[in-house]
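Asks: Mind looking at a prediction? Sequence and model below.
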Amino acid sequence: MFGRYARDAADQAALIAAYREYQIANHDRLIRCYDDVVSAVAMLSKRGHWLANESPANPKRWPCAAWRTVGLAGSLDTAVVGCDSSTTTTSPIRSP
């Protein structure tokens, strides 16, 4: 994604580093749930559904901080943490 804005590999690496620095510093302040997500998840939890969130592996950040920020911490039971080295894609594979 950053390659189209970079002059060369060093410039691309600098753009990525700046992006990551900003995201780590500001992520929790900027995130929001879609309307009614918190109430829907709370309702499912109250009805006894086991709920989890998938999150990419990142030793510097734990998803629970984000859950607290948006009001989901009391409703989600666990995080399913992915392994960055197990895939080359960053999005779910949509094929069966």
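Replies: That came in fine, so what should we check first?

Asks: Which parts of the protein are helices?
Replies: Counting by DSSP state H, the chain has these helices, from start to end: 9-30, 37-46, 63-70.

Asks: Of the ones you listed, which stretch is the most buried?
Replies: With neighbours defined by mean count of other Cβ atoms under 10 Å, none of the helices of the chain is more surrounded on average than helix 63-70, at a mean of 16. To be clear about C-beta, it is placed using only N, CA and C from the backbone, and glycine gets the same treatment.

Asks: if I read this right, R32 contacts V70, doesn't it?
Replies: Yes. The pair R32 / V70 is scored as a contact, 6.5 Å apart, by Cβ atoms under 8 Å.

Asks: how about the helices of the chain in JSON lines, adding distance to D77 and mean pLDDT?
Replies: Formatted as JSON lines, the entries for those read as follows, by distance: least, Cβ to Cβ, whole Å; pLDDT from 0 to 100:
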{"stretch": "helix 9-30", "distance to D77": "21", "mean pLDDT": "90"}
{"stretch": "helix 37-46", "distance to D77": "8", "mean pLDDT": "90"}
{"stretch": "helix 63-70", "distance to D77": "11", "mean pLDDT": "74"}
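
Asks: Lovely, talk soon.
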